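Novice: just need the structure, nothing else, for what follows:
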Amino acid sequence: MELTIITGESARDTTEVLPLCLEVFEDFSPSYLSERLQRVTDPVLVCARLRSGRLAGFKLGYRRRPQLLYSWLGGVHPEARRQGLARKLMARQHDWASANGYRFIETQTQATNNAMLVLNLQSGFMICGYETNAQGVPVVIQRKALSVVENGN
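Specialist: Okay, here's the model as predicted:
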């Protein structure tokens, strides 16, 4: 499995991510991805590819504040689940964020998504809020402080 990071305008390309979203998320709206992705600041996309080059998973985030990365959307293909891939994608995103001056990562997870909530807690996130989103779905807001790494560039 190869993990790569894509930033800037290239991270806005939905060619590969959209088909995976449609497989991973029930009732996923393509316009949700494309419209929101065009409005976010400094997107960063972590991709996991099989040896064949096929996208097996992704983690998409963007700058919400100068030192806050919002981890917005991620998914793992059903055939690639239960292999620790979501954890690897998250760790790579956090390493990249630390190396690029972010001090915090924030995410929101549907309250019924126990697997993601547990993974976030195991990965150092703390619950910092709870709300109902625009669709009326309860979500848990979680935040993690990062260890900032000096970027050698």
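
Novice: is residue 27 within a helix or a strand, and which one?
Specialist: Assigned by DSSP states H and E, residue 27 belongs to neither a helix nor a strand.

Novice: repeat that for residue 57.
Specialist: strand 55-65.

Novice: residue contacts, the most centrally placed residue in the chain?
Specialist: Centroid-nearest residue in the chain: residue 59, 3.3 Å away (criterion: Cα atoms, centre = their mean). For residue 59, the contacting residues are 45, 46, 71, 73, 74, 89, 90, 92, 93, by Cβ atoms under 8 Å, 6 or more residues apart in numbering. C-beta coordinates here come from the backbone N, C-alpha and C atoms, glycine included.

Novice: nearest to residue 113, of those?
Specialist: Comparing the contacts of residue 59 against residue 113 with Cβ to Cβ places residue 74 closest, at 11.4 Å.

Novice: isn't the closest one up against residue 55?
Specialist: No: with contacts counted by Cβ atoms under 8 Å, residue 74 stays clear of residue 55, the gap being 12.0 Å.

Novice: which residues of this structure fall in helices?
Specialist: Assigned by DSSP state H, the chain shows helices spanning 17-24, 30-39, 85-99, 114-122.

Novice: among those helices, which is the most enclosed?
Specialist: Highest mean neighbour count among these (mean count of other Cβ atoms under 10 Å): helix 85-99, with a mean of 19.

Novice: next, the angle from that helix to strand 55-65.
Specialist: Inter-element angle recorded for helix 85-99 and strand 55-65: 40 degrees (by axes from the mean of the first three to the mean of the last three Cα atoms, to 10 degrees).

Novice: re the thing from before, tell me which two of the contacts of residue 59 sit farthest apart.
Specialist: 73 and 92 (15.3 Å).
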